[in-house]
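[1] I'll drop the sequence and a predicted model, then ask my questions.
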Amino acid sequence: MQLSSFHRKLFRASFLIVPLLSAAAGSAWAAEGLTVIPNWSFLLQMANFVFLIWVLNLILYKPIRNVLKQRQAKVSGLEESIESFHKDATDKQEAFDAGLRSARVKGLEKKETLLAEAANEEKTIISQINEKAQAELSQVREQVASDVEVARLSLLKEVDSFAEAIGEKILGRAV
């Protein structure tokens, strides 16, 4: 901690004044021993004590108290900001959770809608395929029936020649 020039001068002056005041009070010693007689030196010692308390308060205690007050104010401000940030974070987390739940509900509803649409589309496509398959099947049946009729008619024309050939082979002669 840096002391101002005024505080340094005051501190030095207190070291010069204290020994002078103590020397003036030294006349209270008697030859037979120590006797305590309250006189003007007592008042001087009291003044010295009050002066030292004032100097210590000015130089040492006030700066320390100011630093402690500033630190307490800073800590209080930080605690308030921490509480504010914590509350904000809690509010934002709750809003996020609510939004997430809402999004999930909307997503499930959309999924159900899409599944229903897909099922309807599937039914439509399957019915179209069935109709097309039935149409192709009837067309194939008609084609097969016509081919069978053509083959039957061509075979009927050739039945006589086949019968003659079989008869010749069985009999071994011409018929």
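    Everything's here; your move.

[2] Only the buried residues of the helix or strand containing residue 49, if you could.
    Here residue 49, judged by DSSP states H and E, is contained in helix 40-56. Buried residues in helix 40-56, counted by 16 or more other CB atoms under 10 Å: 41, 48, 51. Every C-beta, even on glycine, is put in place using the N, C-alpha and C of the backbone.

[3] residue contacts, the residue nearest the centre of the chain?
    When CA atoms, centre = their mean is applied to the chain, the residue found nearest the centroid is residue 93 (7.7 Å). Under the criterion of CB atoms under 8 Å, 6 or more residues apart in numbering, residue 93 has no neighbours.

[4] What strand or helix carries it?
    Using DSSP H and E, residue 93 maps to helix 62-171.

[5] And that helix, how far out from the chain middle?
    The gap between where helix 62-171 is centred and where its chain is centred comes out at 32 Å by CA atoms, centre = their mean, to the nearest Å.

[6] so it versus helix 40-56, what angle?
    Angle of helix 62-171 versus helix 40-56, following axes from the mean of the first three to the mean of the last three CA atoms, to 10 degrees, is 20 degrees.
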